[in-house]
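In: quick one, what's the 3D model for this:
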Amino acid sequence: MNLERLRREFPDYDITTLPTLPEGYSDTSSYIDAAPSFENAERGLKVYVDYADYADRESGRSQRFCVSRYDEEEGDYEDVALSTNDWDEVVRFLTA
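Out: This next block holds a predicted model:
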């Protein structure tokens, strides 16, 4: 996966801590978000992968991983479908 956006938008993010995302997700990271993100537009899902070290997280969330669904009415990813610290749980959700 090309992580050019993540590197540009979050230069202090340690990419060695980034888990492997399933096929079909692309880097959509933007500095306006609190964490790097990866989108699968076909499935209408976006995964936010916050910093591994809680002290580095701007979001204030205790969970490192968040999956949002695309909201047609809002025209953006609004609905939080999953929030967890368990990457295996995220993968199960994304591949279901």
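In: next, the residue nearest the centre of the chain: secondary structure please.
Out: Most central in the chain under CA atoms, centre = their mean is residue 48, positioned 1.7 Å from the mean C-alpha point. Assigned state for residue 48: strand (three-state reduction, DSSP: H, G, I helix; E, B strand; the rest coil).
In: what about the closest residue to residue 49 other than its chain neighbours, neighbour count?
Out: Leaving aside its chain neighbours, residue 49 sits nearest to residue 36 (5.5 Å; criterion: CB to CB, 6 or more residues apart in numbering). Quick note: C-beta positions are derived from backbone N, CA and C, even for glycine. For residue 36, the count of nearby residues is 24 (other CB atoms under 10 Å).
In: and residue 36, how far is that from residue 72?
Out: 25 Å (CB to CB, to the nearest Å).
In: list the buried residues of the biggest strand by length in the chain.
Out: In the chain, taking DSSP state E as the definition, the longest strand is strand 76-84. When burial is assessed from 16 or more other CB atoms under 10 Å, strand 76-84 yields the following buried residues: 77, 82, 83.
In: go on, stretch 24-42?
Out: Under the neighbour-count criterion of 16+ other CB under 10 Å, stretch 24-42 has 25, 27, 28, 29, 33, 34, 35, 36, 37, 38, 39, 40 buried.
In: tell me which two of those sit farthest apart.
Out: Using CB to CB, the buried residues of stretch 24-42 span at most 20.0 Å, a distance reached by 34 and 40.
In: so what secondary structure elements neighbour the longest strand of the chain?
Out: strand 65-71, helix 87-95 (3 or more CB pairs under 8 Å, 6 or more residues apart in numbering; DSSP states H and E).
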